[in-house]
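Sequence and predicted model, in that order:
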Amino acid sequence: MSFKIKGHPHRVSLVKNHDGLECDACDQSYGDAYSCGECKFTVHKKCTFLFEVVPEIFEHPSHVGHCLKLLTTGAPDHTVPKCHLCGKNTKRLLYHCRDCKLNVDIDCIIDPMCAQADLNMPWHHHPLFMGNFATNMTCDVCYDNHVDGYICLCCRLFVGWVCAALVIDSPEITHPCHTKHPLKLLTEGAPTYTDPKCHLCGEDTGKFIYHCDICKFNLDLVCAKTKTPPVALSNLKVHEHTLNLMPRLISFVCDACGTKGDRAPYVCHQCDFMVHKKCAHLPRVINVNHHDHRVSFKYPLGLGEWRCGVCFEEIDWSCGAYSCSLCPQYAIHSLCATRKDVWNGKELDGVPEEVEDIEPFKRNDDNTITHFAHEHNLMSLSKDGEESSLCGACVLPIGSYTFYKCSKSNCSFILHEKCANISKKKRHFLSSEPLILCFESIIDDDFLCRACYQMFCEGFFYSSKGVNFDLICSSITMPFIHGSHDHHLLYVKQEEGNKKTCHNCDNERAKVLLGCIKCNYFLDFRCATMPLTIMLPRYDDHPLTLCYGEEKASGKYWCDICERETNPETWFYTCNDCGVTLHTFCVLGDIRNAKAGGSFRHHGELELLPNNRSTRPLCNSCHSRCPGSFIMKSYDGGEVYCSCYCVSSQLGYTYKGADTCPPWAIYELELIVVIHVNYLSTYILHYLTAIK
């Protein structure tokens, strides 16, 4: 991401804590900085106050009568690149007088100005300027922006008036976490001989800290003033005795979570028990979305070979963890169990467990059930004749499986026996709250799976607080085994600034992925849930098998559906008997659980119709012959669309599942460009011939 800063002609980028970049204002090489790649200009975020406060100086003691203007691109070419006061080579940042062709470096400008400052405060060793500034300045105490306060040009220090009056009320304090000696306020950060972070919370201290030079003890203003950690903790869920704070730098292994710490543990000397501050407040009984039963904190976990039910890494049995009393081999790391995407934040210690009715049907007799999703009784059948019928839950053919069918002769509702047993409520890693089984026949604009971001127009789905997941994504269990990778894949959430890309389709917009962190291998849910085999009778009588690409392919591959070239390095479907290759999009499309007669609501409604006519219709968006099993036709004007992508492109409808362009649409777009280029070339040729 690039930024514009006042006084510099080019856009700059933010560099986080880069030790190799030296600031052109203060010559220091720590902290966040802005860097310009065009002119090799670098300045700390804090030093940019010069651009706001003193962009130009009219009456400087070293050069009275003329204006000195701040430059950020170095000395002008017509001048000597040295400071005319101290003789040192100037850097990118300097002050320049256009009339006298005079160059002055930053230090020679600031030192005389600081000598003119007449405001002395007990908490800072340099005189300060006080006033109102034209733009917001970032306060070194609260890190909020203010326009009025105190500024030290030497230290690049700014303190808002409110913080100066309320927070920095004394240069020395006695703190309950360090009672041996008083702590003195420092305004230039931690001394170089100490750990630069707060010795209690481990956060960066910034410029304002309280310090003990005898014990080399640092305390940031948050711990010193607003959120002072208690010296003792009692009535905890993780330990029966009172825990006392040990406010010092010390390496230890937390008994509650099994990870290392380097400062300020809470300890029980009686039990030799030591924990992080955050782990001291762990809950005792919780529900997690990776397991059906409640789990409870246990210390120690107990002898055995344990693996975490969330990250599937080994658990140190001598430390604390969460375990299930009903499943003797199930346990979770303390930190994994209390993650925001795993736990809903509710402590259940002392809360009686409710017995919930999650059974999807009631059995009337040996052959008849009453399912919550249908008003009539369903009969258990296993006879032939219904193979081509579509299951009302998964919208797949019944095939040769046992099924339930409505007992009414005029009702065609049918369910696989397996689908009829899908639980009405379950816990799943996709949501911290339980998922509720729902069914809907007409899907509006917001009905898409929030894991794979594909529309589903029929059948059952799971929902939690308005967030929906189709049956395929919500049936995935951890760890996930996929044929494209040798190791198991785990649930991964995208992080800002560290985007992970799907190995197959290069999609980096997916919010959730399945991946192997060690191998840096990730799949989005759309690719991870592609069926391994599929029947497509319209194009081939044999089962089609998913191929995960070929590194060394000889010759060109062509899709037998859209008749366009396929990339053999990406996934495609193939028939082992016939040798055909097919784009995955051409086989699967971008709608799941589609059934003829269903509706897709957008402004007016679009009806899903089978694409089974002898002449395939033209798509109103990509102008290709619709190759898929279904087309979407509007009730109003009769427009036809071959995919959600084409609906989105033509009608301006946007949803995250419509970001994959069909291969036949890509070809048509390229063809249109070629036609226009050829037409333009011909026109130019005729024009040149005419003017000759």
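Nice, I can see it.

switch to C-alpha atoms for all contacts and neighbour counts from now on
Will do.

Sketch out the low-pLDDT regions of the stretch 551-692 of the chain for me.
The stretch 551-692 of the chain contains residues with pLDDT under 70 at 551-553, 596-604, 637, 651-692.

the strands in it, which residues?
Ranges of strands in the stretch 551-692 of the chain, per DSSP state E, counting those that start in this stretch, are 557-558, 565-566, 572-574, 581-583, 591-592, 599-602, 604-610, 630-634, 640-641.

To residue 419, which of those strands lies closest?
Comparison of the strands of the stretch 551-692 of the chain against residue 419 by CA to CA identifies strand 591-592 as nearest, at 16.3 Å.

ok, back up a step: so which of the strands of the stretch 551-692 of the chain is nearest residue 85?
For the strands of the stretch 551-692 of the chain, proximity to residue 85 was assessed by CA to CA; strand 565-566 is nearest, at 69.3 Å.

Could you report the neighbour count for the closest residue to residue 257 other than its chain neighbours?
In this structure, residue 257 finds its nearest non-sequential neighbour in residue 334, 5.1 Å apart by CA to CA, 6 or more residues apart in numbering. Using other CA atoms under 10 Å, residue 334 is surrounded by 25 other residues.

from what I can see residue 334 touches residue 254, true?
No - at 10.7 Å, residue 334 does not count as touching residue 254 under the criterion of CA atoms under 8 Å.

Run the chain-centre distance for stretch 234-248.
Counting by CA atoms, centre = their mean, to the nearest Å, stretch 234-248 is centred 34 Å from the centre of its parent chain.

Actually, stretch 341-361.
How far stretch 341-361 lies from its chain's middle: 28 Å, per CA atoms, centre = their mean.

What's the end-to-end length of that stretch?
Stretch 341-361 has an end-to-end distance of 31 Å (CA to CA, to the nearest Å).

do the same with stretch 111-122
Taking CA to CA, stretch 111-122 runs 21 Å from one end to the other.

just stretch 569-579 next, same as before
This stretch, stretch 569-579, spans 16 Å end to end (CA to CA).

Any buried residues in that stretch, and which?
Neighbour-count burial for stretch 569-579 flags 570-575 (criterion: 16 or more other CA atoms under 10 Å).

Over to stretch 264-275?
Buried positions in stretch 264-275, judged by neighbour count with 16+ other CA under 10 Å: 264-268, 273-275.

Over to stretch 375-392?
Going by neighbour count (16+ other CA under 10 Å), the buried part of stretch 375-392 is 376-381, 386, 389-392.

Name the residues that touch that stretch?
Contacts of stretch 375-392 with the rest of the structure, by CA atoms under 8 Å, 6 or more residues apart in numbering, involve 367-371, 396-408, 413-417, 458-460.

Against which helices or strands is the helix or strand hosting residue 335 packed?
Secondary structure from DSSP states H and E places residue 335 in helix 334-337. Applying 3 or more CA pairs under 8 Å, 6 or more residues apart in numbering; DSSP states H and E, one finds that helix 334-337 contacts strand 321-323.

Tell me the strands beside the strand it packs on, with direction?
Sheet pairing of strand 321-323 (DSSP bridges) gives strand 295-298 (antiparallel), strand 331-332 (antiparallel).

ok so, going back, please indicate which of the contacts of stretch 375-392 are buried?
368-371, 396-399, 401, 403-407, 413-417, 458-460.

before we move on, back to that, could the strands of the stretch 551-692 of the chain go into CSV alongside distance to residue 92?
Formatted as CSV, those follow (distance: least, CA to CA, whole Å):
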stretch, distance to residue 92
strand 557-558, 56
strand 565-566, 53
strand 572-574, 55
strand 581-583, 55
strand 591-592, 57
strand 599-602, 57
strand 604-610, 61
strand 630-634, 61
strand 640-641, 58
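
still on that earlier bit, could you list which residues are in contact with the residue nearest to residue 257?
Neighbours of residue 334 in contact, by CA under 8 Å, 6+ apart: 256-257, 297, 320-322.
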